[in-house]
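S.K.: Build me a model:
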Amino acid sequence: AAFLAATRKEGDWDRAYLHSAATICTIVGDKLYFYYGGWSGASPALGSHTYAGGATGVAFLRRDGFVSMDAGEQAGTLTTRPITFKGKYPFVNVDAKAGQLRMEVLDVNGKPITPFSLANCVPAKVDRTRHRIEWKDGADLSSLSGKPVRFRFELSSGRLYAFWVSPDASGASYGYV
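M.R.: Numbering: from 1, shown residues only. Below is the predicted model:
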C-alpha cells in the first residue's frame, strides 16, 4: 500500500494527483509531518483535468513509525544480531498499552547476561516514542558498553518501532536530527 495515494473518488480534494511538497518531513514532537500537494481534477477555470483544483495537505506519522514488529495476544520475540553500542540507558519506541514489552540482553552466543533477563525486566505497558527500559534492580547497561551483545525483545499485543541505547537518561539518541 502507498504511504500517500490519491483517493480516486469524484469530489475529493486529493482525488487526481499527489506530489510531495518537500523532500523531507518536519519533526514536531512525537510526530512526523509530510506536506504534499493534492489535485481534485476539477476547477471552475480549467474544467476537468488531472492538474486542476490544487490544494496543500499534510499527513502525520508516528516518529520512527515507518515499520514495526507487531505481536498479538500470544507473545512473540525478536532477537538482534550481535551489536555494539555506546551508552547505558536502553530506550524503545513502542505501543504496548494493550499488552507489554520486555527486553533482555544476551551474550553473542545467546545466553542471558545477569541481571538483564526478561524475568528481571520491568514490563513496558505504554504507548510512547521514547520509553526507557529498566530492570528491577536498577542496573544500567554501562558495563556492556562497547562489547558485542544481542538484545531480545518479548512483545504481546503491541508494536515495537525502534530501540536505541543512550548515554543520557533523557533518551537523546544523538542521531541525524
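S.K.: The most far-flung residue of the chain relative to its centre in helix, strand or coil?
M.R.: Ranked by distance from the centre of the chain (C-alpha atoms, centre = their mean), the top residue is A45, with 43.5 Å. What DSSP: H, G, I helix; E, B strand; the rest coil gives for A45 is coil.
S.K.: what's near enough to touch it?
M.R.: Going by C-beta atoms under 8 Å, 6 or more residues apart in numbering, A45 touches A52. Placement of C-beta: from N, CA and C, glycine included.
S.K.: Apply 10 Å and report the result again.
M.R.: 52-53 (C-beta atoms under 10 Å, 6 or more residues apart in numbering).
S.K.: Also the one 10 residues further on?
M.R.: By C-beta under 10 Å, 6+ apart, the contact set of A55 is 13-14, 36-40.
S.K.: Quick one: buried ones out of those?
M.R.: Among these, those classed as buried by 16 or more other C-beta atoms under 10 Å are 13-14, 36, 38-40.
S.K.: nearest to D95, of the residues you listed?
M.R.: Set against D95, the nearest of the buried ones among the contacts of A55 by C-beta to C-beta is Y36 (25.2 Å).
S.K.: Quick check: beta-bridge partners of the closest one?
M.R.: On the basis of DSSP bridges, Y36 is bridged to S20, G57.
S.K.: and it, what does it touch?
M.R.: Residues near Y36 by C-beta under 10 Å, 6+ apart: 4, 14, 18-22, 55-59.
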